[in-house]
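Undergrad: let's see this in three dimensions:
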Amino acid sequence: MGVNPAAKRPVREADQGRTQRGAIGRFSQANRADPGLVHSERMKRIALLGATGSIGRQALEIIAAHPELELAAAASGSQPIDGLAPMTQVGGDLTELLERAQPDVVLNAVVGFAGLAATLWALERGIDLALANKESLVAAGELATKAWQGGEGRLLPVDSEHSAAQQCLEGRAPETVHSLVLTASGGPFRGRSREELGDVTPAEALAHPTWNMGPKITVDSATLANKGLELIEAHFLFGLDYDLIEVVIHPTSTVHALVRFRDGAALAHLGYPDMRVPISFALTYPDRAATPVPPLDLASGLTLEFEAPDLETFPLLALARHAGEQGGTYPCAFNAANEVAVAAFLEGRLSFLGIAETVEETLASVDGTPAGDLSELIEADAEARRLAERTAATA
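TA: Prediction:
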């Protein structure tokens, strides 16, 4: 593969603490709980987008367990959900459902670029957004950040790593932050060589060792594309320069994120790998309500292992970092090409190694011109998809 920057560039002494400090400060202030609110007495009306997926199903469990949460509206991409909520929708424009529902919280668990419009709708209106659709920030980071600044609502990440990072960063002065570490399980193919991945099947790629997730994100975990998407998402969420975001392999998925500070200390978020924890944290924020997940048993012989990612075998992480550093619509193109390539792989039209090859060729073909508005971003996404489809068809 042509592009192969290091998973983590060395942090120069002069760079320590270098962040887009307004972004971390805005994140901490916008998401900070009112100290007078120990528990919220007001009913929260939830709009659940992506109700039939893995995140959606677990969110329904959380909502059912807490009387202060009300499912006001629900949407799915194609499966019938009649009667699931007072207002439901299958397919179509998600913002139309949101306009009718006027929720207090939008849980966006839609897969891929299709979730972008709903993300922007919530951010622009200052409505709390529980975001499981990482592609929104990857593809439209600048536009989403601008909408967040204008709307001044709370953005609560539902990805386990970003939820963990938020909890470690919340209330911290931006200038005290040195760097962020995101962990990756390594997926089902950790330790294999590139040569051993040539005939990998979709069934093998979907056998994740620690997490129970939907098919697209599970394949992304197997290729490390998911961690690349999370790297870009973290850049926009927390305003950290890419040089200050490290990715390490952590097979047990016990440590979800770690934040280093300028005094040499580090704070880590640990827990069993269960998505009900970050979902509950976002939906019940700031109360941190109880979940069925047991507390971590440290006396059971817990071992924490970390290692550097193998970027030669799994180049999508490096490609994502490079796309993020290039800026413009390169992250959008990365996301679009990856969505196309993963779909082709799951349908048996593309090899596992062909996913990264398709993404790399697409990134080399687009011009990455920054998008001035949503329509230009949609055009960039469509062009990247056309290029990726053509590449995948000839791979």
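Undergrad: for stretch 85-97, the distance to its chain's centre please.
TA: With C-alpha atoms, centre = their mean, to the nearest Å as the basis, stretch 85-97 stands 23 Å off its chain's centre.
Undergrad: buried stuff in it?
TA: Across stretch 85-97, burial judged by 16 or more other C-beta atoms under 10 Å covers 85, 87-89, 94, 97. The C-beta positions use only the backbone N, C-alpha and C, and glycine is treated the same way.
Undergrad: my read: residue 340 touches residue 390, true?
TA: No. Look at residue 340 against residue 390 with C-beta atoms under 8 Å: they stay out of range, at 9.7 Å.
Undergrad: in terms of neighbours, single out the busier of those two.
TA: Using other C-beta atoms under 10 Å as the criterion, residue 340 and residue 390 rank with residue 340 on top: 24 against 15.
Undergrad: what about residue 378, neighbour count?
TA: The burial count for residue 378: 17, using other C-beta under 10 Å.
Undergrad: residue 293 too?
TA: Neighbours of residue 293 using other C-beta under 10 Å come to 14.
Undergrad: backbone torsions only: list them for residue 320.
TA: Dihedral pair for residue 320: phi -70, psi -40, per degrees, to the nearest 10.
Undergrad: can you count the residues close to it?
TA: Using other C-beta under 10 Å, residue 320 has 29 neighbouring residues.
Undergrad: out of the buried residues of stretch 85-97, who's nearest residue 141?
TA: residue 94 (19.9 Å; C-beta to C-beta).
Undergrad: pretty sure that closest one sits against residue 49.
TA: Yes. Counting by C-beta under 8 Å, residue 49 is a contact partner of residue 94 at 5.6 Å.
Undergrad: okay, and the common contacts of these two?
TA: Shared contacts of residue 94 and residue 49 (C-beta atoms under 8 Å, 6 or more residues apart in numbering): 75, 110, 115, 118.
Undergrad: how about the residues you listed in JSON lines, adding distance to residue 59, pLDDT and secondary structure?
TA: Below are the shared contacts of residue 94 and residue 49 laid out as JSON lines (distance: C-beta to C-beta, whole Å; pLDDT from 0 to 100; DSSP: H, G, I helix; E, B strand; the rest coil):
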{"residue": "75", "distance to residue 59": "12", "pLDDT": "98", "secondary structure": "strand"}
{"residue": "110", "distance to residue 59": "12", "pLDDT": "96", "secondary structure": "coil"}
{"residue": "115", "distance to residue 59": "14", "pLDDT": "95", "secondary structure": "helix"}
{"residue": "118", "distance to residue 59": "15", "pLDDT": "97", "secondary structure": "helix"}
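Undergrad: between those, which has the most around it?
TA: Going by other C-beta under 10 Å, residue 75 tops those with 30 neighbours.
Undergrad: correct me, but it touches residue 52?
TA: No. Taking contacts as C-beta under 8 Å, residue 75 lies outside contact range of residue 52: 9.4 Å.
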